[in-house]
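Peer 1: coordinates for the following, if possible.
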Amino acid sequence: MRPFLYSVNPWVSHHICATYRSGRHYAWCSKSFDARKEGTLDLTRLVPPSSNPAELYRRWQDEAKRRDRHSDLIKRVGLKLTSLAVLWEGKGEISALDLREIAYMVNESADFNVWRPLLYVIDRSAVEDRLVTVDPKDRAGVGPEYILEDLTDGEFDVLEFE
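Peer 2: Residues are numbered from 1 along each chain as shown. Modelled structure (predicted):
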């Protein structure tokens, strides 16, 4: 078993979870930073670009630099974060003001720096009992993918590259 898992999220997602969710993060993970570098017999090599942390990092980096308000990736993730904030507000987990702050940050802020990527390096031994293997029908490809719904600040390191 490999000691680390890897996930990529935009800065805004990390900020929302750290600020409004008491440091509880959601992470879609891979056991390899770059599936393309795995051996030809390793199933992890079949993780596609949309789930491969190395390729995701580069894609988010490009999206943030391009500053394109019509980016499908930014629009999709912005809508997801807004819908999650509505859900959290409905459950009483965040305030109405928090919801407005989140919605503004992901939908109206002119600062594309909020979409820059962060790499999470996760200590697998700290999360093994909560690690969920993604059902094959929900994966982007054949390679293994994992989800952590309640990753806490002390269970991962955050890296950022220029």
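Peer 1: ok so residue 120 is a helix residue?
Peer 2: No. Using DSSP: H, G, I helix; E, B strand; the rest coil, the secondary structure at residue 120 is strand, not a helix.
Peer 1: separation between the residue in the chain sticking out farthest from the centre and residue 111?
Peer 2: Centroid-distance maximum for the chain: residue 41 at 27.2 Å, with Cα atoms, centre = their mean. Per Cβ to Cβ, to the nearest Å, residue 41 is found 45 Å from residue 111. (Each C-beta comes from the backbone N, C-alpha and C, glycine too.)
Peer 1: got it, and residue 54?
Peer 2: Taking Cβ to Cβ, one finds residue 54 at 25 Å from residue 111.
Peer 1: of those two, which one has the most company?
Peer 2: residue 54 (18 against 10; other Cβ atoms under 10 Å).
Peer 1: which residues touch the closest residue to that one other than its chain neighbours?
Peer 2: Sequence neighbours aside, residue 34 is the residue nearest to residue 54 in space, at 3.6 Å (criterion: Cβ to Cβ, 6 or more residues apart in numbering). With contact set as Cβ atoms under 8 Å, 6 or more residues apart in numbering, residue 34 has these partners: 52, 53, 54, 55.
Peer 1: show the buried residues in these.
Peer 2: For the contacts of residue 34, a burial check counting by 16 or more other Cβ atoms under 10 Å picks out 52, 53, 54, 55.
Peer 1: just the closest of those residues to residue 45, please.
Peer 2: If you rank the buried ones among the contacts of residue 34 by distance to residue 45 using Cβ to Cβ, residue 52 comes first, at 9.8 Å.
Peer 1: how many neighbours does the nearest residue to that closest one once chain neighbours are set aside have?
Peer 2: Closest residue in space to residue 52, ignoring its immediate chain neighbours: residue 35 at 4.6 Å, by Cβ to Cβ, 6+ apart. Neighbour count for residue 35, taken as other Cβ under 10 Å: 25.
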